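S.K.: Sequence first, then the predicted structure:
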Amino acid sequence: MILKIGDVLVLDPDSNKRVRVVWMTPDRASVALYPLDADKAFPELVPAAALEAGIRARQTRLIPDPFMVAVMEDQLKQMHKDRRDRAWRLIRPLVAEVPYIFAADRRGALVSDAVERARSGSDPDLQRVTKALAYLYLRRFWQRGMTANALLPDYEKSGGRGKTRKAGESKRGRPRKFGNQMGVNVTPDMRKVFSVAYSRYYVSQVKGKYTLIGAYRKMVSDFYSVKDIDPETGQIIHYRHEEIEAQGGIPTFEQFQYWSSKDHLRLEIKRKRMGEKLYDKDMRGLLGTSNAEVIGPGSRYQIDATIGDVYLVSRLDPNLIIGRPVVYVVIDVFSRLIVGIYIGLEGPSWVAAMMALANTAMDKVAYCAQYGIAIQPEDWPAHHLPGALLGDRGEIESEKIDTLINSFNVSVENASSYRADWKGIVESRFRLLPAKFKAYTPGYIDVDYRQRGGTDYRLDAVLNLDDFTKIIINCVLHYNNSHEIVTYDYDRDVRADSVPAIPGHLWEWGIRHRSGALRAFPEDLVKFSLMPKDRASITETGVAFRSRFYTCQRAIEERWFDKARQDGRWQVDVSYDPRDMDQIYLHVSGARIGFEVCTLTDRSRADRHLSSWEIDQVDQRDKHRRADERTDALFASANTDAANERVIKEAQERRGPPSQASAASRTANISRNRAEEKKASRGTEIFRLGEHASGVMRPSAEVVSISGRTMPADDIDYSAPSIDEILGDDDGHRA
């Protein structure tokens, strides 16, 4: 069994002593273990062979990481981010000092030097740090998974999580030490004033006009004082408001700052004040970079995209041409193994890049099985995230990449503009993969594309998205396991072992000898963290997302749809896979992997097994159809109106001139007139079967009623009485 950095082990089943693998030597002879349950501990170097022997003997066992939690970057408070980033800036040089940071005789000096540099540096947040604080951050880093998010504070364990304290008569918070005023509790009305002042003075004014303290002072001037004009000078003078003073005084700046931060997104406010371009240039967090040497599988991946040179057709209708697909490829730099792919219609973007990165952590056996391709685990063994990722500025420089950096400790590197050669390894694969299928693929674009007299390859398209994905998977499997890289740059150890330059062989050799940088995470956690997010609405008919409706167990148990029907709809955060919209993933706070699966309801059964792009295509087609039919519907409505008007005109002509009789005489015999009309209608309305179907009238018979009175059968009224007959208002009396 192969140990990896980050694995959590239980060494002794009797004591449940848990340790984490925080480092291993390049030859894998020794590993550094950190005790997870000790208050003040340091990593210890132990022989790897003894650990693996214990695992084989089932005395030592691997367990899930107890500190692994999905952290969404946009859901973190700015104060928590600032504390995390300050801690990371302090210990980042220390955690890079391997293996010396694990040696007891070197660690103290390294920590002292790091603290001294921080105190004497230009970073004001680090000028008062101590050695004890550095050790605290180091232990937390090793204990909680060795990512930047391991340094987040534990504020969620304190107080009433997510609950706002109700304002009562007693003053909340620390009592004032100075002055006679007791202070005031912030009420909902005060928060509204804070919000108005914050937006009016701090956000929407000319940038730089008001600082936060300036906005607070302006709020006090406008809302918490009495204004008067000095008759001599004409100046405006502000006085204390006696009623406000009697209630405890004005709110403090700290209260204004706290509630404004709670009710507004501080980073977005700063972005608006500075302007997007200036903020992105000077204030946005710098993405990670790494110049470390690539020593084994997982040290660095490269990612890039291209537009496939083949036209595809729709899975809904093979006669509909949907254009060319986008192909993302992720390659391990050391072995050249293709570790992840994405084939879809999403243009080169962060969404598509994240789908490709999520694929790197997927079980490839299950992934290939989705397309009917059966493989063994050794045919495509990559299901890990790298230590570093190199990609294009367009996708990788997005702020959404922070989730990848802080949740999975992946260092992100950006290729400079016009420097595609920095990603030459992955870009060269785009020449190799099509070479395997271009000769026999209908719709493939050749060199005469768009030339005068050239073939229109769009008309030759027969492959749909699933077909093309199968072809790419087959080509990747061939490349990983059979293609020899003639120009591979061997290092001494690889050449000494006579390893063929085939990606699968290089990966396997690297796993045995240099796998220290590989990181394995739960597949669901990686995919959920990297999937695109959006907002859905809770309605009486389900969770509405992109005009489709979903449901989940939580919504049913908590009766969300009943509440939406009675109290109105509300919005929730969801993640989704654009390739398959049968499910969306509802964000659930407080869970280890915080989501709940929502599935399509029967109301949206027609959209099952469709991708986001195919659903959009269906919507567009329906809109075109309705637009085309709108004119025909208008003419059909006009024809119906004309036919009805013709019937009315004929009836008026048949009646002739209006009767000159009185209204009373015309309405006096409505019941009798109705009975005669019924009698006349029965000859044509009654059903006649068998020998009576010819329409010959049967002889009338006498029927004896319950009262004993005999009456002709044709005089019996089988219909229920009308309301007028019941009330006796039809003709003034009951018939």
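M.R.: Structure's in. What do you need?

S.K.: Please make it C-alpha for all contacts and neighbour counts, starting now.
M.R.: Noted.

S.K.: I'd like to know how far Tyr371 sits from Val476.
M.R.: Counting by C-alpha to C-alpha, to the nearest Å, the separation of Tyr371 from Val476 is 14 Å.

S.K.: the more surrounded of those two?
M.R.: More crowded of Tyr371 and Val476, by other C-alpha atoms under 10 Å: Val476, with 24 against 13.

S.K.: out of everything not next to it in sequence, what's closest to the more buried one?
M.R.: Nearest residue to Val476, sequence neighbours excluded (C-alpha to C-alpha, 6 or more residues apart in numbering): Ile338, at 6.9 Å.

S.K.: Run through the helices of the stretch 501-650 of the chain in chain order.
M.R.: In the stretch 501-650 of the chain, the helices defined using DSSP state H, counting those that start in this stretch lie at 503-513, 523-530, 553-557, 560-567, 612-655.

S.K.: how about these in TSV, adding distance to Ser537 and mean neighbour count?
M.R.: What follows is the helices of the stretch 501-650 of the chain, written out as TSV (distance: least, C-alpha to C-alpha, whole Å; neighbours: other C-alpha atoms under 10 Å):
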stretch	distance to Ser537	mean neighbour count
helix 503-513	46	20
helix 523-530	20	21
helix 553-557	12	13
helix 560-567	9	16
helix 612-655	18	12
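
S.K.: out of those, nearest to Leu138?
M.R.: Nearest to Leu138, of all those, is helix 523-530, at 24.8 Å by C-alpha to C-alpha.

S.K.: Show me what the closest one is packed against.
M.R.: Packing partners of helix 523-530 (3 or more C-alpha pairs under 8 Å, 6 or more residues apart in numbering; DSSP states H and E): helix 350-360, helix 402-408.

S.K.: Give the full set of residues in contact with the residue nearest to Val543 when sequence neighbours are not counted.
M.R.: Closest residue to Val543 apart from its sequence neighbours, by C-alpha to C-alpha, 6+ apart: Tyr550 at 4.8 Å. Residues in contact with Tyr550, defined by C-alpha atoms under 8 Å, 6 or more residues apart in numbering, are 542-544, 583-584, 598-601.

S.K.: now, which of those residues sits nearest Ile5?
M.R.: Relative to Ile5, the closest of these is Ile584; by C-alpha to C-alpha it sits at 32.2 Å.

S.K.: Tell me how many other residues crowd the closest one.
M.R.: Burial of Ile584 is recorded as 25 neighbouring residues (other C-alpha under 10 Å).

S.K.: Might one say that it is in contact with Val597?
M.R.: Yes - Ile584 lies in contact with Val597 (C-alpha atoms under 8 Å); the separation is 6.1 Å.

S.K.: Quick check: nearest residue in space to Asp125, chain neighbours excluded?
M.R.: Distance criterion C-alpha to C-alpha, 6+ apart; nearest residue to Asp125, sequence neighbours excluded, is Arg86 at 6.8 Å.

S.K.: packing partners for the host helix or strand of the one you found?
M.R.: Assigned by DSSP states H and E, Arg86 belongs to helix 78-95. The contact analysis (3+ C-alpha pairs under 8 Å, 6+ apart) places helix 78-95 against helix 104-120, helix 131-143.

S.K.: so which of the ones you listed is the most packed in?
M.R.: Comparing the helices and strands packed on helix 78-95 by mean neighbour count (mean count of other C-alpha atoms under 10 Å), helix 131-143 ranks first with a mean of 19.

S.K.: So which bits of the following helix or strand past it are buried?
M.R.: The C-terminal neighbour of helix 131-143 among helices and strands, as given by DSSP H and E, is helix 188-197. Residues of helix 188-197 classed as buried: 191, 194-195, 197 (neighbour count, 16 or more other C-alpha atoms under 10 Å).

S.K.: any idea which of those is closest to Asp467?
M.R.: Nearest to Asp467, judged by C-alpha to C-alpha, of those is Ser195 at 54.7 Å.

S.K.: Can you tell me how far the closest one is from Gln78?
M.R.: Ser195 sits 18 Å away from Gln78, taking C-alpha to C-alpha as the criterion.

S.K.: Now the element after the host helix or strand of Asn481, going C-ward?
M.R.: Using DSSP H and E, Asn481 sits within helix 465-482. The C-terminal neighbour of helix 465-482 among helices and strands, as given by DSSP H and E, is helix 492-496.

S.K.: Run the chain-centre distance for that next one.
M.R.: 45 Å (C-alpha atoms, centre = their mean, to the nearest Å).

S.K.: And the contacts of that helix?
M.R.: Helix 492-496 has contacts (C-alpha under 8 Å, 6+ apart) with Trp509.

S.K.: and if you look at stretch 109-122?
M.R.: By C-alpha under 8 Å, 6+ apart, the surrounding residues in contact with stretch 109-122 are 90-91, 93-94, 101, 126-131, 134-135.

S.K.: as a whole number, average confidence for that stretch?
M.R.: For stretch 109-122, the mean per-residue pLDDT is 90.

S.K.: ok, now stretch 310-330?
M.R.: 84.

S.K.: okay, that stretch in PDB with CA atoms only?
M.R.: Provided in PDB are the C-alpha atoms of stretch 310-330 (Å, rounded to 0.1, in the frame of the first residue of the first chain):
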ATOM      1  CA  VAL A 310     -14.900  18.600 -35.900                       C
ATOM      2  CA  TYR A 311     -18.600  19.600 -36.200                       C
ATOM      3  CA  LEU A 312     -21.100  17.800 -34.000                       C
ATOM      4  CA  VAL A 313     -24.900  17.200 -34.100                       C
ATOM      5  CA  SER A 314     -27.500  17.300 -31.400                       C
ATOM      6  CA  ARG A 315     -28.400  14.300 -29.300                       C
ATOM      7  CA  LEU A 316     -32.000  15.500 -29.500                       C
ATOM      8  CA  ASP A 317     -32.100  15.600 -33.300                       C
ATOM      9  CA  PRO A 318     -29.300  14.300 -35.500                       C
ATOM     10  CA  ASN A 319     -30.200  16.700 -38.200                       C
ATOM     11  CA  LEU A 320     -29.400  19.700 -36.000                       C
ATOM     12  CA  ILE A 321     -25.700  20.900 -36.200                       C
ATOM     13  CA  ILE A 322     -24.500  22.300 -32.900                       C
ATOM     14  CA  GLY A 323     -21.000  23.400 -33.900                       C
ATOM     15  CA  ARG A 324     -17.600  22.500 -32.600                       C
ATOM     16  CA  PRO A 325     -16.800  21.200 -29.100                       C
ATOM     17  CA  VAL A 326     -14.400  22.600 -26.600                       C
ATOM     18  CA  VAL A 327     -11.700  20.200 -25.400                       C
ATOM     19  CA  TYR A 328      -9.800  20.700 -22.200                       C
ATOM     20  CA  VAL A 329      -6.800  18.500 -21.300                       C
ATOM     21  CA  VAL A 330      -4.900  18.400 -18.000                       C
END
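
S.K.: one step back: in JSON lines: the buried residues of helix 188-197, plus distance to Thr147 and pLDDT.
M.R.: Below are the buried residues of helix 188-197 laid out as JSON lines (distance: C-alpha to C-alpha, whole Å; pLDDT from 0 to 100):
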{"residue": "Arg191", "distance to Thr147": "37", "pLDDT": "81"}
{"residue": "Phe194", "distance to Thr147": "37", "pLDDT": "81"}
{"residue": "Ser195", "distance to Thr147": "36", "pLDDT": "81"}
{"residue": "Ala197", "distance to Thr147": "39", "pLDDT": "80"}
